[in-house]
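Q: Quick check, what structure comes out for this input:
(one chain, ligands or ions: 1)
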Amino acid sequence: MRWFRLCAALLATLTLASAQSPTGKWVARYSSDDEAREIVLALSVESGGGVTGYVLAPQYEDRIVEGTANGARVTFVAEREANNNTRRRSSYSAVLEGGKLKLTMPTSGNRPPQVFEFTRASAEAPAPLAPPPPRIALAAPSAVRDNGLARTPPMGWNSWNKFQGKVTDKVVREMADAMVKNGMKAAGYLYVNIDDTWELARDSQGNLGTNSKFPDMKALADYVHGKGLKLGIYSSPGPTTCAGYEASYQHEAQDARTFAQWGIDYLKYDWCSASRPYAPDSATMQAAYARMGEALLASGRPIVYSLCQYGMHDVGEWGAKVSGNLWRTTGDISDNWKSMSNIGFDLQPGREKFAAPGHWNDPDMLEIGNGGMTDMEYRTHMSLWCLLAAPLLAGNDLRDVKPAILEILTNKEAIAVDQDKLGKQGVRVAKNGDLEVWARPLADGGRAVGLFNRGEAAAKVTAKWGDIGVQGTHKVRDLWAHADRGKVKDEYTAEVPSHGVVMLRIAK
Ligand code: GLA
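A: I've put the predicted structure just below:
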């Protein structure tokens with residue numbers, strides 16, 4: 001009897017200890033756009049307090065590389081295969097409270113940290129995660145035919161910067177309505193592009209579905225076309241999109257046909273989870289993009305092809321050869337001066353040789369009007385993107401745009417620079433500390449010029465004709481003041497506000 005009591009007490013102590021220990025398998029369930037999803041967290045706390053295990057989410061596998069447990073609290077760093085043969089590390093923290101484990105997920109950009117509540121699935125120390133299967137290497141593709149589209153940089157709107165996962169059929173229709181009403185369509189904005197989070201798992205025939213936010217994609221395309229606009233969509237060469245939704249891996253031709261049947265006019269194809277099945281070399285990435293390039297051509301519908309792989313493997317060298325019309329050059333833009341100015345001023349020089357009619361460097365979608373920058377900074381954003389011959393995809397809510405923002409987005413003189421038929425990307429021609437002069441040759445033999453001031457106080461900036469490749473006397477027009485500045489010899493000087501721009505067009 002005494003022996004039995006001792007055993008029972010021991011068992012109770014052990015059960016209590018395991019209930020209080022984070023060791024075990026934990027599951028957090030959530031639903032996202034009609035689909036049940038789960039994140040599995042496996043933790044094993046060692047006697048010295050070290051932690052091993054992993055996190056399995058729909059869009060990634062994170063293996064714990066270091067961690068410590070202190071009673072009910074656990075912190076750990078986990079690593080996953082990222083793009084370009086690199087590994088990405090993320091920091092997590094968890095706390096065990098009332099039998100539930102609350103895990104604070106790593107954040108990126110300006111997003112607030114997300115906390116998931118996990119329920120215990122087992123109290124046993126989990127087995128280590130099997131190593132990932134070997135990644136597939138593909139041979140470099142032969143060139144895919146040019147689709148003949150986007151002879152000037154695409155213009156339109158994209159849902160991601162403002163709406164992320166909250167984009168719906170209704171939002172897209174309202175954006176199309178707004179573009180017609182507010183003068184953006186008249187100014188040249190054409191594509192209405194749905195970014196990530198519209199997708200639903202495939203049916204038994206392998207057809208990609210739409211979730212309940214998009215009940216009828218064909219009807220939506222008809223609506224957008226009825227407004228004289230075009231509809232864009234988003235997918236990935238990997239098994240899931242960046243947000244963890246179904247993507248086009250091993251279904252490229254089928255998805256291209258689906259897009260064509262729906263009446264889609266533009267596809268943004270985002271690498272993301274493709275780094276799991278595919279080897280991290282340039283030939284493989286090119287082949288994966290060529291596959292969709294071919295599939296879009298074979299679909300028989302003209303579909304603008306937008307590559308999104310953050311500029312890896314010198315994409316400018318081969319983007320056009322996989323039938324790409326534009327390719328992202330960097331990671332994601334955020335709605336602040338630091339991000340925008342870094343991407344626009346610092347990360348574009350050197351890429352100008354790849355831009356030509358039909359093929360554009362894409363420094364990412366516009367943040368104009370999203371609230372994180374001043375109107376002057378947004379004017380700089382617009383001017384720089386126009387000088388860069390960048391796609392102009394507005395990223396704000398178009399239903400209620402304040403006049404100052406609309407004026408920036410619809411400045412026809414700036415847009416004429418962006419859409420100039422010569423298709424030459426502008427370059428920085430002079431730099432003096434925070435003051436920069438950029439110039440872009442135009443089809444009429446003139447130049448578009450930006451006098452930029454990245455500093456904290458207003459300053460005078462001078463554009464020397466010699467620096468921008470012209471000589472003598474030229475007519476100067478200010479594209480934001482919409483005013484002629486007369487005939488000017490040798491150089492032009494203007495006072496430029498902090499973080500501001502003076503944008504000019506000069507002609508013989
Ligand atoms: C990546 C892209 C973004 C956006 C998101 C959607 O981060 O670079 O532009 O498409 O994915 O998940």
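Q: residue of the stretch 401-508 of the chain with the smallest distance to the ligand?
A: Leu409 (19.0 Å; Cβ to the nearest ligand atom). Using the backbone N, CA and C atoms, a C-beta is placed for each residue, glycine as well.
Q: Could you state which residue of this protein sits nearest its centroid?
A: In the chain, the centroid-proximal residue (Cα atoms, centre = their mean) is Asp332; its distance is 4.7 Å.
Q: does that one sit in a helix or strand, and which one?
A: Per DSSP states H and E: Asp332 is located in neither a helix nor a strand.
Q: quick one: it from Leu435, how far?
A: Per Cβ to Cβ, to the nearest Å, Asp332 is found 28 Å from Leu435.
Q: Could you do Glu456 as well?
A: Noted for Glu456: a distance of 12 Å to Leu435, by Cβ to Cβ.
Q: where do the helices sit along the stretch 101-250 of the chain?
A: Secondary structure of the stretch 101-250 of the chain by DSSP state H, counting those that start in this stretch: the helices cover 160-163, 169-181, 184-187, 217-226.
Q: which of Glu456 and Leu435 has more neighbours?
A: Remark: of Glu456 and Leu435, Leu435 carries more neighbours, 17 against 9, as counted by other Cβ atoms under 10 Å.
Q: residues touching that one, list them.
A: Leu451, Phe452, Asn453, Arg454, Gly455, Ala459, Val461, Val496 (Cβ atoms under 8 Å, 6 or more residues apart in numbering).
Q: show me the contacts for the residue of the stretch 401-508 of the chain closest to the ligand.
A: With contacts defined as Cβ under 8 Å, 6+ apart, Leu409 is in contact with Met184, Ala187, Tyr189, Leu366, Ile368, Gly369, Met382, Ala394, Val401.
Q: And for the closest residue to Cys242 other than its chain neighbours, the neighbour number?
A: Leaving aside its chain neighbours, Cys242 sits nearest to Cys272 (4.0 Å; criterion: Cβ to Cβ, 6 or more residues apart in numbering). Close neighbours of Cys272, defined as other Cβ under 10 Å, add up to 23.
Q: just checking, Cys272 touches Pro239?
A: No. Applying Cβ atoms under 8 Å, one finds Cys272 not in contact with Pro239, separated by 9.7 Å.
Q: Need the overlap of contacts for the two.
A: The contact sets of Cys272 and Pro239 overlap at Ala247 (Cβ under 8 Å, 6+ apart).
Q: rewinding a little: out of the contacts of Leu409, which end up buried?
A: Neighbour-count burial (16 or more other Cβ atoms under 10 Å) applied to the contacts of Leu409 gives Met184, Ala187, Tyr189, Leu366, Ile368, Gly369, Met382, Ala394, Val401.
Q: Pull the most distant pair out of those residues.
A: The span of these, defined through Cβ to Cβ, is set by Ala187 and Gly369 at 14.3 Å.
Q: What number of residues are in the vicinity of Gln59?
A: Residues near Gln59, counting by other Cβ under 10 Å: 19.
Q: Find the residue closest to it in space, skipping its chain neighbours.
A: The shortest distance from Gln59 to any non-neighbouring residue, by Cβ to Cβ, 6+ apart, is to Gly244 (3.7 Å).
Q: Who are the contact partners of the one you found?
A: Residues counted as contacts of Gly244 (Cβ under 8 Å, 6+ apart) are Ser32, Arg37, Ala57, Pro58, Gln59.
Q: what are the phi and psi angles of Val427?
A: For Val427, the backbone dihedrals are phi -130, psi 160 (criterion: degrees, to the nearest 10).
Q: Excluding chain neighbours, what is closest to it?
A: Take Val427 and drop its neighbours on the chain: the residue closest to it by Cβ to Cβ, 6+ apart is Glu352, 5.3 Å away.
Q: One more: Asp270?
A: Using Cβ to Cβ, 6+ apart, the nearest residue to Asp270 is Cys308, at 4.1 Å.
Q: ditto for Leu41
A: Nearest residue to Leu41, sequence neighbours excluded (Cβ to Cβ, 6+ apart): Trp26, at 4.3 Å.
Q: Next: Leu398.
A: For Leu398, the spatially nearest residue (Cβ to Cβ, 6+ apart) is Ala178, at 3.9 Å.
Q: Am I right that the one you found is in contact with Leu406?
A: No. Assessed by Cβ under 8 Å, Ala178 is found out of contact with Leu406, at 10.2 Å.
Q: what does the protein put close to the ligand?
A: The chain has residues Trp160, Asp195, Asp196, Thr241, Cys242, Ala243, Asp270, Cys308, Asp332 near the ligand, with proximity defined as Cβ under 6 Å from any ligand atom.
Q: could you dump those residues to JSON lines with distance to Tyr234?
A: Rendered in JSON lines, the data for those read as follows (distance: Cβ to Cβ, whole Å):
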{"residue": "Trp160", "distance to Tyr234": "8"}
{"residue": "Asp195", "distance to Tyr234": "5"}
{"residue": "Asp196", "distance to Tyr234": "5"}
{"residue": "Thr241", "distance to Tyr234": "7"}
{"residue": "Cys242", "distance to Tyr234": "9"}
{"residue": "Ala243", "distance to Tyr234": "10"}
{"residue": "Asp270", "distance to Tyr234": "7"}
{"residue": "Cys308", "distance to Tyr234": "8"}
{"residue": "Asp332", "distance to Tyr234": "14"}
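Q: re earlier: and the residue nearest to Cys242, how close does it get to Ser90?
A: Separation of Cys272 from Ser90 (Cβ to Cβ): 15 Å.
Q: Show me which positions of stretch 500-508 end up buried.
A: So, applying 16+ other Cβ under 10 Å, buried residues of stretch 500-508: Gly500, Val501, Val502, Met503, Leu504, Arg505, Ile506.
Q: do the same with stretch 457-464
A: Within stretch 457-464, the residues scored as buried using 16+ other Cβ under 10 Å are Ala459, Val461, Ala463.
Q: For the second one, which non-adjacent residue is spatially closest?
A: What sits nearest to Val461 in space, not counting adjacent residues and going by Cβ to Cβ, 6+ apart, is Leu451, at 4.0 Å.
Q: Contacts only, for the one you found.
A: Residues near Leu451 by Cβ under 8 Å, 6+ apart: Leu435, Val437, Val461, Thr462, Ala463, Ala494, Val496, Val501, Val502, Met503, Leu504.
Q: you'd agree the last one is up against Leu479?
A: Which is Leu504. Yes. Look at Leu504 against Leu479 with Cβ under 8 Å: they come within range, at 6.5 Å.
Q: Can you list the helices and strands that the helix or strand Arg291 falls within packs against?
A: Counting by DSSP H and E, the element that carries Arg291 is helix 282-298. Counting contacts by 3 or more Cβ pairs under 8 Å, 6 or more residues apart in numbering; DSSP states H and E, helix 282-298 is packed against helix 252-262, strand 266-270, strand 304-308.
Q: Check what contacts the second one and list those residues.
A: Okay, so that is strand 266-270. With contacts defined as Cβ under 8 Å, 6+ apart, strand 266-270 is touched by 154, 156, 158, 191, 193, 195-196, 230-237, 241-242, 248, 256, 259, 289, 292, 296, 303-309.
Q: so where's the stretch 101-250 of the chain shaky on pLDDT?
A: Residue ranges of the stretch 101-250 of the chain with pLDDT under 70: 109-110.
Q: residue ranges of the strands in it, please?
A: Along the stretch 101-250 of the chain, the segments classed as strands by DSSP state E, counting those that start in this stretch run 115-122, 155-158, 191-193, 199-200, 209-210, 230-235.
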